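Undergrad: I would like to see how this sequence folds:
(chains A and B)
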2 protein chains.
Amino acid sequence: MLKGQSSKVFENAVSEFASLPGIGKKTAVRLVLHILKQDPKLIEQFGNAITDLSSKIKHCKICHNISDHDVCSICEDKSRDENIICVVENIQDILAIENTQQFKGKYHVLGGILSPMEGIGPSDLNIDSLENRIEKENINELILALSPTMEGDTTNFFLYKKLNKFGIKLSIIARGIAFGDELEYADEITLGRSILNRKPFNGKIF
Amino acid sequence: MLKGQSSKVFENAVSEFASLPGIGKKTAVRLVLHILKQDPKLIEQFGNAITDLSSKIKHCKICHNISDHDVCSICEDKSRDENIICVVENIQDILAIENTQQFKGKYHVLGGILSPMEGIGPSDLNIDSLENRIEKENINELILALSPTMEGDTTNFFLYKKLNKFGIKLSIIARGIAFGDELEYADEITLGRSILNRKPFNGKIF
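TA: Numbers count the residues shown, from 1 in each chain, chains lettered A, B, ... in the order given. The predicted model follows:
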């Protein structure tokens, strides 16, 4: 409990904010005091926006993205290429890829990656529904866009074994030295692989 | 608008968080995704804690601190010294002083400090109610605990002129080199004044 608190309501709001990742008690106090200065209507709107997260948000029954309806706006978007599906770990990854504006297909959210350490096995991921989609939808290519970590690669390999039988094109996002990185500070695995996986250069970069 | 948003509800919550000071769009997304992972009951509790800030928080009619009731818990606390009042700019300052555990009197929140630049004049501050308290309550000492800035000192001087007539003891919080500061980095005004305001030393520091 914060010392010198004269209001339980204030204290409650502070401890709710302080429960968020990266927000300590001092920042929480600052945020709540900021909110307190707002118009009561705006404060209510803020509170409702959060309450709505519990009552109004669903998961798309096709791709498992968050959605206000049974099917998310990306799955419903007829202008997007429905023959290509990008498999991602979570919702953040969809936001990150959408921000690049380089992908106009559909998504499939696994809801995690295989991690024996954390007890996450294949049955915890949305793999069955992915197989269902491959069977029912007209899919040409599946892009595996998982993080290039040990767990990510384990999952990539597992998906390869599992989905290879469908005979569709499987691809994996490119790895190498990131844009802006300096060679001398690149880790040796990335640098070594980027040399092994060098590409013919015709004067054009990408 | 965030690109790739499949949910208005999600987007609303993100933009509410992003409206808070020091929280950008990326952090807001991270916070909302964190909240989304919680139990629906906890999410609702969070939302309600914020909504309550608009509907349930009052200002103490004696000292103007925030409170759940007409009179705050500090003003109601019989164990505190009611003969000494600490005048502060805002609620944060009460929290900061209470944290030191060095003050057991009552408070009075001015609700700001005089600032011609921002158009804050004496009538915008809770000075009338302070005079009322001095007249009606049995007050021996008034501690002026405002920030040692230009505006703070202007306000200190204004209060001195205004309250001197009541014949009560007026005091001001000590200024000088802060604990842990290195002399060579102290600003010259503070250092100069701390030499002029030196105190007799009997082997005890404070």
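Undergrad: Longest helix in chain A, please.
TA: Using DSSP state H, we find that the single longest helix of chain A is helix A:40-55.
Undergrad: Residues contacting it, please?
TA: For helix A:40-55, the external contacting residues (C-beta atoms under 8 Å, 6 or more residues apart in numbering or on different chains) are A:35-36, A:38, B:9-10, B:12-13, B:16, B:32, B:35-36, B:40-41, B:43-44, B:46-55. From N, CA and C alone the C-beta is placed, and that goes for glycine too.
Undergrad: where does chain A have low pLDDT?
TA: The model of chain A has pLDDT under 70 over residues A:1-5, A:205-206.
Undergrad: show me where it has helices.
TA: Under DSSP H, chain A gives helices at A:8-18, A:25-36, A:40-55, A:73-76, A:91-100, A:128-136, A:150-163, A:188-196.
Undergrad: Just name the most buried of those.
TA: Ranked by mean neighbour count under mean count of other C-beta atoms under 10 Å in any protein chain shown, those are led by helix A:8-18, which reaches a mean of 21.
Undergrad: CA-only coordinates of the longest helix of chain A, as PDB, when you get a sec.
TA: Output of helix A:40-55 as PDB, limited to C-alpha atoms (Å, rounded to 0.1, in the frame of the first residue of the first chain):
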ATOM      1  CA  PRO A  40     -15.100  12.800 -16.200                       C
ATOM      2  CA  LYS A  41     -16.500  11.700 -19.600                       C
ATOM      3  CA  LEU A  42     -13.100  11.000 -21.000                       C
ATOM      4  CA  ILE A  43     -12.200   9.000 -17.900                       C
ATOM      5  CA  GLU A  44     -15.300   6.900 -18.200                       C
ATOM      6  CA  GLN A  45     -14.500   6.300 -21.900                       C
ATOM      7  CA  PHE A  46     -11.000   5.100 -20.900                       C
ATOM      8  CA  GLY A  47     -12.500   2.700 -18.300                       C
ATOM      9  CA  ASN A  48     -15.000   1.400 -20.800                       C
ATOM     10  CA  ALA A  49     -12.400   0.900 -23.400                       C
ATOM     11  CA  ILE A  50     -10.700  -1.500 -21.000                       C
ATOM     12  CA  THR A  51     -13.900  -3.200 -19.800                       C
ATOM     13  CA  ASP A  52     -14.800  -3.800 -23.500                       C
ATOM     14  CA  LEU A  53     -11.600  -5.800 -23.900                       C
ATOM     15  CA  SER A  54     -13.100  -8.500 -21.600                       C
ATOM     16  CA  SER A  55     -16.600  -8.400 -23.000                       C
END
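Undergrad: mind checking how far it is from the chain centre?
TA: Here helix A:40-55 is found 24 Å from its chain centre; the criterion is C-alpha atoms, centre = their mean, to the nearest Å.
Undergrad: What angle do helix B:8-18 and it make with each other?
TA: 130 degrees (axes from the mean of the first three to the mean of the last three C-alpha atoms, to 10 degrees).
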